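> 3D model of this:
(2 chains)
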Amino acid sequence: MNNAEHKRGGWSWWYLLFVVQFLVALWPPLYNKAEPYFIGIPFFYWFQLLWVLVCAVLTAAVYWGTKE
Amino acid sequence: MAEVNWVALTVFVLLFAFVSWLGFAAARWRKGDLDQLHEWGLGGRRFGTLITWFLVGGDLYTAYTFIAVPALAFGAGAIAFFAVPYTVVIYPLLFLVFRRIWYVCNKHNYITAGDFVRGRFDNRWLALAVTVTGIVATMPYIALQLVGIQVVVGALGVGGAGLLGDLPLIIAFLVLAAFTYSSGLRAPASIAIVKDVLIYITALAAIIIIPTQLGGFGKIFAAVPPQKLLLAVPGPNSTGAYSAYATLALGSALALFLYPHSLTAVLSASSGAAIKRNAALLPGYTFMLGLLALLGFFVIASGVHEMPAFHAGFERFGNNFAVPALLLQSFPSWFVGVAFAAIGIGALVPAAIMSIAAANLYTRNIHREFINKNPTGKQEAQMAKLVSLVVKVGALVFILFVPTKYAIQLQLLGGIWIIQTLPAVMIGAYTRWFNAWALLVGWAVGTIAGTWMAIATNLATSYPLELGGHTFPGYTAVYTLILNLGLALVLTPLFNGLSRQAPRDATLPADYHA
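Down below sits the predicted model:
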């Protein structure tokens, strides 16, 4: 197997951005609070919605980072 | 039930008629030979980034989701928001694991997970287990889509008791069955575009207009009882609602792309790059789902559940009536028609894809494997078309004659069952290390234990696991998956030692990437 092939099929450090997405999304103690509110919405709700957008950006970063 | 809402009903029927026409016309879209299974059942693997976005979005975020998630928020509060971390976690899995599966399936013309497992592990019984699990888990899911249509049709004031009252549902399903039969996957793909546009319009309108009617988000959340607003903080010696929330999100995410209808949509993409791009674009739907979940709180604040006008609806449909009642209360009739059409059409898209996926599985992994080993392409496509009809009629009969709660309970069990195929399918995408018989034993034990645990907890989603004086409430699917994997790990060296022949594998490492 040559080097380029290995890179395409194997691990990339960019994938760590996926691990970050998982850890935050699956750790409820981090966001299970009402304060601070944003336009009347408790933290629990707006933070998780915001995290969706952050994850989309992180995944796009992985896409560009691993593009051949 | 309230009187018929004619304006809303007219808009609803017109939009429904339009997508029905679209479903039939789709047969000529990106024309292919519909007498070939990959053309009928995968749209010829020709959908680019944008169509894949609509198709996967229309497939995963079903009508039932849009009814049930806000209903759960209304009834149970914060726990309903698990749908957000759940649909965050799925996209890295799509990017990494299912892109590999796309490559290998594209290379070998595999159409189902059963095809892949058959090729990878050279064991027809393991492939059969994956196939049967897929079909059984999908059936109640199709039935639940009908519940979505039932609720909005009921909210329009149409129907009532008896078979005559179910006539709108029967008509909708016959039309669905007919265009799926003639157009295959192209029908839901084209309808998904209309459905998703309508859903986005409805979600945006609801999230902007209803809070202004109710005096802003501050007032809405002030009306939510404190015990529903956040997850309960766990007591001593228990991980409480935290582990329940996280494992529910994780387990649901691991299970999602194992469902046949999800894989069908993924495999219909035209390139691995289209899948990668969609992993970054599909969170758009997750964001919308999160906004829609908040509608459950709007319901609490608006007090529609206490209004006499909606009493009969809540009586008949339970909390699933919460969103339709809120929309009826908040919007003019014509827009109610648009919103209800979005939900109703939102049921057609996944129901069509699910029936196609189940038909592909039966045709490829049961009929071809065990009954007619050398079918022509035309025989294969014809068989799949017929099976898609049988599957849909089965779901219709189920929902007409069996109480809705059984469909919901079976769907919950379906999540526990389908996750047991993870070692063979998702880990199989990376390694052939596992022994096929060890995987089969893991699958069987996981399925039996999961079913038993679910019944022991009265079909609650989380199981209170006790370890060393601590309680870890968690999603049954996750616990039984660990059991399944553990068994497969231990039994693999054992079974390999007993077997004289080296395992065969029809795939090569290079088949799994660009």
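
> mind checking which helix or strand B:Phe472 is in?
Element membership of B:Phe472, judged by DSSP states H and E, is strand B:470-475.

> counting contacts, what elements does that strand pack onto?
Counting contacts by 3 or more C-beta pairs under 8 Å, 6 or more residues apart in numbering or on different chains; DSSP states H and E, strand B:470-475 is packed against helix B:240-256, strand B:462-467. Bear in mind the C-beta positions are built from the backbone N, C-alpha and C, glycine included.

> now do 10 Å
Under the contact criterion of 3 or more C-beta pairs under 10 Å, 6 or more residues apart in numbering or on different chains; DSSP states H and E, strand B:470-475 touches helix B:240-256, strand B:462-467, helix B:476-498.

> which stretch among the ones you listed comes nearest B:Pro308?
helix B:240-256 (34.9 Å; C-beta to C-beta).

> quick one: that closest one to chain centroid distance?
Chain-centre distance of helix B:240-256: 16 Å, with C-alpha atoms, centre = their mean, to the nearest Å.

> that helix to strand B:470-475, inter-axis angle?
40 degrees (axes from the mean of the first three to the mean of the last three C-alpha atoms, to 10 degrees).

> and helix B:240-256, anywhere near chain A?
Yes: Helix B:240-256 reaches chain A (C-beta under 10 Å from any C-beta of the partner chain) through B:240-247, B:249-250, B:253.

> how would you label A:Tyr45: helix, strand or coil?
Secondary structure, DSSP: H, G, I helix; E, B strand; the rest coil: A:Tyr45 is helix.

> check contacts around it.
Residues in contact with A:Tyr45 (C-beta atoms under 10 Å, 6 or more residues apart in numbering or on different chains) are A:31, A:34, A:37-38, B:73, B:78, B:81, B:84, B:217, B:221, B:229-230, B:290-291, B:293-294, B:297.

> try B:Thr49
Shown in contact with B:Thr49 (C-beta under 10 Å, 6+ apart): B:269-271, B:273-278, B:281.

> rerun at 6 Å
If you count contacts by C-beta atoms under 6 Å, 6 or more residues apart in numbering or on different chains, B:Thr49 has them with B:274, B:277.

> equivalent analysis for B:Phe98, please.
B:257, B:266.

> from chain A, how far off is it?
13 Å (C-beta to the nearest C-beta, to the nearest Å).

> let me know the pLDDT of that residue.
We have a pLDDT of 95 for B:Phe98.

> just to be sure, it is in a helix?
Yes: assigned with three-state DSSP, B:Phe98 falls within a helix.

> got phi/psi on A:Ile41?
Dihedral pair for A:Ile41: phi -90, psi 130, per degrees, to the nearest 10.

> burial count for the nearest residue to it once chain neighbours are set aside?
Nearest non-adjacent residue to A:Ile41, counting by C-beta to C-beta, 6 or more residues apart in numbering or on different chains: B:Phe217, 5.0 Å away. For B:Phe217, the neighbour count with other C-beta atoms under 10 Å in any protein chain shown is 22.

> contacts only, for B:Phe217.
B:Phe217 neighbours (C-beta under 6 Å, 6+ apart): A:39-41, B:211.

> now, which of the residues you listed lie within helices?
Residues of the contacts of B:Phe217 located in helices (DSSP state H): B:Pro211.

> for residue 30, which non-adjacent residue is spatially closest?
Since you didn't name a chain, this refers to chain A. Leaving aside its sequence neighbours, A:Leu30 sits nearest to A:Val24 (C-beta to C-beta, 6+ apart; 6.5 Å).

> ah, no, chain B please
B:Arg46 (5.2 Å).

> ok so, going back, how close does the residue nearest to A:Ile41 get to B:Ala325?
Taking C-beta to C-beta, to the nearest Å as the measure, B:Phe217 falls 20 Å from B:Ala325.

> related to what we said a few turns ago, where among the helices and strands packed on strand B:470-475 is the average confidence lowest?
Lowest mean pLDDT of these: strand B:462-467, a mean of 89.

> could you list the low-pLDDT ranges of the chain?
Answering for chain A, as no chain was given. Flagging of chain A using pLDDT under 70 yields the residue ranges A:1-9, A:68.

> was after chain B, sorry
B:1-2, B:159-164.

> one more pass at 80, please.
The model of chain B has pLDDT under 80 over residues B:1-3, B:159-165, B:404, B:461, B:500-503.

> residue numbers of it in contact with chain A?
Residues of chain B lying close to chain A (C-beta under 6 Å from any C-beta of the partner chain) are B:84-85, B:88-89, B:91-92, B:216-218, B:221, B:230-231, B:242, B:245-246, B:250, B:276, B:279-280, B:283, B:286-287, B:290, B:513-514.

> and the helix or strand containing B:Pro188, what does it pack against?
According to DSSP H and E, B:Pro188 maps onto helix B:186-214. Contact analysis of helix B:186-214 by 3 or more C-beta pairs under 6 Å, 6 or more residues apart in numbering or on different chains; DSSP states H and E lists helix B:6-25, helix B:49-60, helix B:283-293, helix B:333-361 as its packing neighbours.

> can you pull the phi and psi angles for B:Ser238?
Backbone geometry at B:Ser238, expressed as degrees, to the nearest 10, gives phi -150, psi 150.

> which strand residues bridge the closest residue to it other than its chain neighbours?
The shortest distance from B:Ser238 to any non-neighbouring residue, by C-beta to C-beta, 6+ apart, is to B:Thr471 (4.2 Å). Taking DSSP bridges as the rule, B:Thr471 bridges to B:Ser238, B:Glu466.

> quick check: B:Thr471 touching B:Ser462?
No: counting by C-beta atoms under 6 Å, B:Thr471 sits too far from B:Ser462 to count as a contact (10.7 Å).

> now the end-to-end length of stretch B:492-506.
20 Å (C-alpha to C-alpha, to the nearest Å).
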